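>>> sharing a sequence plus its predicted fold:
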Amino acid sequence: MSSDYSSVTPRLLNRELSLLKFNERVLAMAEYPDTPLLERLRYLCIVSSNLDEFFEIRISSLKEQLAQHANIPAEDGFTPAEAFEQVQEATHALIERQHYLLNEEVLPLLALEGIVLLDPEDWDEAQLEWARSVFRSEVIPMLTPIGLDPAHPFPRVYNKSLNFMVALAGVDAFGRRASIAVVQAPRALPRLMLVPPEISGVEHGYIILTSLISHFVAELFPGLEVKGCYQWRVTRNSDLFVDEEEITNLRLALQGELSQRNFGAAVRLEIDHEMPAHLERYLQKEFALQPHDTYRVDGPVNLSRLMQLCNAVNRPDLLFPDYRPQVPAPFDMIGDDPQAMFDAIAERDRLLHHPYQSFEPVLAFLSAASKDPSVVAIKQTIYRTGEDSELMSLLLSAARAGKEVTVIVELMARFDEQTNIGWAAKLEEVGAHVSYGVVGHKTHAKMALVLRREGGRIRRYGHLGTGNYHSRTARQYTDFGLLTADPAICADMDKVFSLLTGLGARPSLKALLQAPFTLHDTMVELIRNEAQAASEGKKARIMAKMNSLLEPIIIDELYKASQAGVRIDLIVRGACALRAGVPGLSANIRVRSIVGRFLEHSRVFYFYAGGEEKVYLSSADWMDRNFFRRVELGCPVKDPALKKRVIKEAFMYALRDNQLAWRALPNGDYVKVRARGKPFNIQKQLME
């Protein structure tokens, strides 16, 4: 193929279609018979949860593009109208595949194991009476049926809430002719109810709320005939908009916006597969949606709620084997001794690879800082940390103990805004200095800095990571973290903190790369250096691991490097706009995606650099937003032994994997890497 490939075919792949390809790979984990049965159900739920966010954010954005310039082609070659059509077609196919797998494989196999969703059609007398009793005592008091007529307009419907359309016939007490009613299921009602084994006849028998309401809905409409009851839910645009030029207090402005998030414009309608066409049209008109926005589902419309089943059923044989990460040396011997903690970090840099190694040393580092009388200040960034955060409790304790605690809380962390607002308020109550970073640039960098008085001077100790300070995700996501006392790195961290809390010129950093200032330019420069080396016949190599690869300038530089002869390996878990392996464009680029038990989340960048082998750990994916609209960091791994370890664990193992790896094709499709020779699973290898 000629070298002018990019002038004939779009050089970029579509972002939304690439994200759907990722969800196909997640769904494949649910399709594998070797995946433990409850984990298969979990992957089905994860796909549903991913698709919810996909519609709330990506489809919402696509619809806005449609409204503004429907027929102007983007860099992927699609107009918004064409992209929307392709995305809808792919999403419908994915959801059909998902529900087929649920109904034809996963639920029947679970039933064989005594884990059953009891269908009303199969209830015996005892089960019927139990269900009726629960409905009358716990469900009916919570329901408010709304008959639709001129005095009862269509109710305001929460984003992703469970609702029912009820078709009625007859005349009520006021002589009103009944036609349609809406029943909304409050979020306080459990979506899954455990039936006592002596009644269900199995060890784990459950009734889903949808079945309960559908079966007994007539009790809400005495004297009327119920012609049908059909579940549905609507997904809304959930992207927040805060006018950054007008606001004076980001927290107050955001709290006001959050209250309206659940009532954004509708983008998707999910309905019972048996809902009559006239009710479907009624809902489409109510929410200004089209037939292609409507998804008929054979099963719960809120499928992700079945995740409760995965967590509630105590069947270790149907789950991944329990894995408890090790606390690596020397942290396993430090105990509750702050001096030993700081001595260990001062001795040399310490690398942590989660979840294979415990997150405990990070918590122990902050615990030591909160207790040590020699520590005078702690500085921390928070993007996502969870509602029940041990780390935040440590920061609160440090502030109460009189330490100077400064926390950059990112209030605009999507879907964690309310949690972060709560933590910000608690920190302020105990005297911590709380900043919300830079309006217009999310603070996504992951760093903690401790200032300690030693021998009459201040010495700094730092932690930098590729993932959030979140104990739960540290057990589920793969991330690297570096504990260091390196003077240049720690001094740079302090400069970044000062810029985030105060005002000033762009800092001159000696070790760290920072977005939106130097990270993108440095990546471009390092890629070009490899291309130059290859063109001179020297050894050149690029490897990079990330969640998403979308930024066009970086992609173009990688194409040029490939054409210059640089061998490039990219491990991209999710969306990737780069076309891999195209003759004349990207023949030397291979793209892999690894999907397994743990979510691949670390960002690591490698450049051969004439034998120097530069390795960076980063908080940033290669996306426009990370390079230009966020505060991100790239941290060099200086210690030769640690550098060697990162190269092996992030890249060499990933490129050897023939169990979890998928290979990208030039058209954006992915094929499973076939096992040739001995099976190799990167996650299993690192666990062992």
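Cool, got the structure.
>>> when you work out contacts or count neighbours from here on, use the C-alpha atoms and nothing else.
Will do.
>>> which other residues reach the strand or helix carrying residue 686?
If you go by DSSP states H and E, residue 686 is part of helix 682-687. Residues outside helix 682-687 that contact it (Cα atoms under 8 Å, 6 or more residues apart in numbering) are 323, 325, 356, 596, 597, 598, 649, 653, 654, 656, 657, 660.
>>> what average pLDDT does that helix get?
Helix 682-687 shows a mean pLDDT of 98.
>>> please give the centre-to-centre distance between that helix and its chain.
22 Å (Cα atoms, centre = their mean, to the nearest Å).
>>> cool, stretch 213-226 as well?
Using Cα atoms, centre = their mean, the distance from the centre of stretch 213-226 to the centre of the chain it belongs to is 40 Å.
>>> for stretch 622-638, same thing?
Remark: stretch 622-638 is offset 18 Å from the chain centroid, using Cα atoms, centre = their mean.
>>> can you give me the buried ones in it?
Neighbour-count burial for stretch 622-638, counted by 16 or more other Cα atoms under 10 Å, picks out 622-637.
>>> ditto for stretch 124-132
For stretch 124-132, using 16+ other Cα under 10 Å, the buried residues are 127, 128, 131, 132.
>>> residue ranges in the protein under the pLDDT threshold?
Low-confidence segments of the chain (pLDDT under 70): 1-8, 150-151, 240-261, 412-416.
>>> got the domain boundaries for it?
15-318, 331-511, 514-687 (automatic domain parsing).
>>> let's have the ones you listed in JSON lines, adding distance to residue 9.
Shown next, in JSON lines, are the domains of the chain (distance: least, Cα to Cα, whole Å):
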{"stretch": "domain 15-318", "distance to residue 9": "8"}
{"stretch": "domain 331-511", "distance to residue 9": "34"}
{"stretch": "domain 514-687", "distance to residue 9": "10"}
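>>> picking up where we left off before, who wins for neighbours among the contacts of helix 682-687?
Most neighbours among these, by other Cα atoms under 10 Å: residue 356, with 26 neighbours.
>>> grab the longest strand from this structure for me.
In the chain, taking DSSP state E as the definition, the longest strand is strand 225-236.
>>> just checking, what packs against it?
strand 163-169, helix 209-216, strand 266-272 (3 or more Cα pairs under 8 Å, 6 or more residues apart in numbering; DSSP states H and E).
>>> can you give me the buried ones in it?
Those would be 226, 228, 229, 230, 231, 232, 233, 234, 235, 236, for strand 225-236 by 16+ other Cα under 10 Å.
>>> again with stretch 343-360
344-346, 349-360.
>>> stretch 293-301 now?
Quick answer for stretch 293-301 (16+ other Cα under 10 Å): 294, 295, 296, 297, 299, 300, 301.
>>> burial check on residue 154, number of neighbours?
Residue 154, neighbours per other Cα under 10 Å, totals 15.
>>> residues near residue 428, how many?
Residue 428 sits with 16 neighbouring residues when counted by other Cα under 10 Å.
>>> how about the nearest residue to it, chain neighbours excluded?
Spatially, and ignoring its direct neighbours in sequence, residue 428 is nearest to residue 434 (6.4 Å; Cα to Cα, 6 or more residues apart in numbering).
>>> before we move on, what about residue 500?
Closest to residue 500 by Cα to Cα, 6+ apart is residue 437, at 5.1 Å.
>>> got a list of what the one you found touches?
Contacts of residue 437 (Cα under 8 Å, 6+ apart): 408, 409, 410, 443, 500, 501.
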